[in-house]
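*Asks:* Return a 3D structure for these sequence lines:
(chains A, B, C and D)
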Number of protein chains: 2
Amino acid sequence: IPKNTLLIREGQVCKKLYYVKKGMGRSYYLKADGKEVTQWFFGVGKFMTSVDSFFQQSPSLYYLETLEDSIIYSISNTQMDLLLSKYHKMEQIARLASIEMLTKVVNKLNAIQFQTARERYEYMLAEFPDISYRVPLGHIASYLGMTQETLSRIRKN
Amino acid sequence: IPKNTLLIREGQVCKKLYYVKKGMGRSYYLKADGKEVTQWFFGVGKFMTSVDSFFQQSPSLYYLETLEDSIIYSISNTQMDLLLSKYHKMEQIARLASIEMLTKVVNKLNAIQFQTARERYEYMLAEFPDISYRVPLGHIASYLGMTQETLSRIRKN
DNA sequence: AGTTTTTTTTGATATAGGTCAAAGGAACTC
DNA sequence: GAGTTCCTTTGACCTATATCAAAAAAAACT
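*Replies:* This next block holds a predicted model:
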């Protein structure tokens, strides 16, 4: 899938769980004023989907796109339900993957909630060292809850 | 379990998953300057644990405490592993519960990341209507990533 | 290689919310 | 029911980061 391809738009029901074999993706949403807010980055070896939409089959709040030319595997929610109900072991893997994701989101929440802009950037470098220099600065800034001007000033030092 | 009882301290490995039958709990951590930051509230019918610690059996970053006299059920991680490996259906329930929690944390993250203090308080009222008036204001303020003075001023209006 | 588009940097100014300090209230304790 | 202790409110002032605007740099096309 080429760079900058939308996999899901806001409002669509996300039918697939994606796996990033190569490349990179991100999820984002639009604020009321139209600005994009990056919600998450998905690097090599990660599962990527619109969590709210895929698991509840409800309209997605997020967009999902590739940020680089990528190789993406996918499975539909019905295929996955079949797989998980057929194999207990797969159900377990899915549970563990969910918990791993949960742990990461909790970590990010803590970083965002009570740290300065500079500390949040350091968290980013630690959590996504590979991503930090591959995507536009504005995407990272919104992911970290700051403006790109602020991030640019932080990077200068 | 009486009010204000610590179930887990920072540094301990959390051996149990708790279920709140009655009452309420919260998880929190201490910032470098010693201030408490509420990480999550657990109301009636919710599972409560130190996510990072319980699922990875690593030292907990968080404290877990009751905020009211409560009835709490618990299961040890070894018992739970047995249960989940014995019954596929239980494994599935655990997966779905994890995803539900993941969805909620993602929602909170979005609320915290790009909303004003007032909007965050409104999110709190929507997500935890029952809790908002039962716990000290300082706990809610830190949960929402603001000071208690700010929350007090917001509430006045 | 030159033109357009996108991204990043820089500067000036504004503001939401933090910090500090102190005064009121509520809620336990003996 | 007076004395602690804890919790909430209020006021004055300050700072980190946002906003706005424009220049500079880099990347993407033709």
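*Asks:* what residue of chain A is the furthest out?
*Replies:* A:K86 (28.2 Å; C-alpha atoms, centre = their mean).
*Asks:* Please report the distance of that residue from chain B.
*Replies:* In this structure, A:K86 and chain B are 10 Å apart, going by C-beta to the nearest C-beta, to the nearest Å. Every residue, glycine included, has its C-beta placed from N, CA and C.
*Asks:* again with A:S74
*Replies:* 18 Å.
*Asks:* Contact partners for the closest residue to that residue other than its chain neighbours?
*Replies:* Of all residues not flanking A:S74 in the chain, A:K16 sits nearest, at 4.4 Å (C-beta to C-beta, 6 or more residues apart in numbering or on different chains). Contact partners of A:K16, counting by C-beta atoms under 8 Å, 6 or more residues apart in numbering or on different chains, are A:L7, A:T49, A:F54, A:S74, A:I75, A:S76, A:N77.
*Asks:* Filter the residues you listed down to the buried ones.
*Replies:* The neighbour count (16 or more other C-beta atoms under 10 Å in any protein chain shown) marks A:L7, A:T49, A:F54, A:I75, A:N77 as buried among the contacts of A:K16.
*Asks:* out of those residues, who's nearest DNA strand D?
*Replies:* Using C-beta to the nearest atom of the strand, A:L7 is the member of the buried ones among the contacts of A:K16 that lies nearest DNA strand D, at 19.0 Å.
*Asks:* which other helices and strands contact the helix or strand hosting the closest one?
*Replies:* In this assignment (DSSP states H and E), A:L7 forms part of strand A:6-8. Counting contacts by 3 or more C-beta pairs under 8 Å, 6 or more residues apart in numbering or on different chains; DSSP states H and E, strand A:6-8 packs against strand A:63-66.
*Asks:* How about the helix-or-strand element of chain A with minimal mean pLDDT and chain B, touching?
*Replies:* Each helix and strand of chain A was given a mean pLDDT (mean pLDDT, DSSP states H and E); the minimum falls on helix A:51-56 at a mean of 90. Yes - using C-beta under 8 Å from any C-beta of the partner chain, helix A:51-56 reaches chain B at A:V51, A:D52, A:F55, A:Q56.
*Asks:* looking at those residues, which has the most residues close by?
*Replies:* The most neighbours of any of the residues of helix A:51-56 next to chain B, using other C-beta atoms under 10 Å in any protein chain shown, belong to A:V51, which has 26 neighbours.
*Asks:* gap between the longest helix anywhere in chain A and the chain center?
*Replies:* Taking DSSP state H as the assignment, the helix of chain A that covers the most residues is helix A:88-114. Distance, stretch centre to chain centre, for helix A:88-114: 12 Å (C-alpha atoms, centre = their mean, to the nearest Å).
*Asks:* swap in stretch A:9-20?
*Replies:* Centroid displacement of stretch A:9-20 relative to its chain, using C-alpha atoms, centre = their mean, is 12 Å.
*Asks:* Stretch A:20-37 too?
*Replies:* Chain-centre distance of stretch A:20-37: 7 Å, with C-alpha atoms, centre = their mean.
*Asks:* buried sites along that stretch?
*Replies:* Buried residues in stretch A:20-37 (16+ other C-beta under 10 Å): A:V20, A:G23, A:M24, A:G25, A:R26, A:S27, A:Y28, A:Y29, A:V37.
*Asks:* Is chain B within reach of it?
*Replies:* Yes - using C-beta under 8 Å from any C-beta, stretch A:20-37 reaches chain B at A:Y29, A:K31, A:V37.
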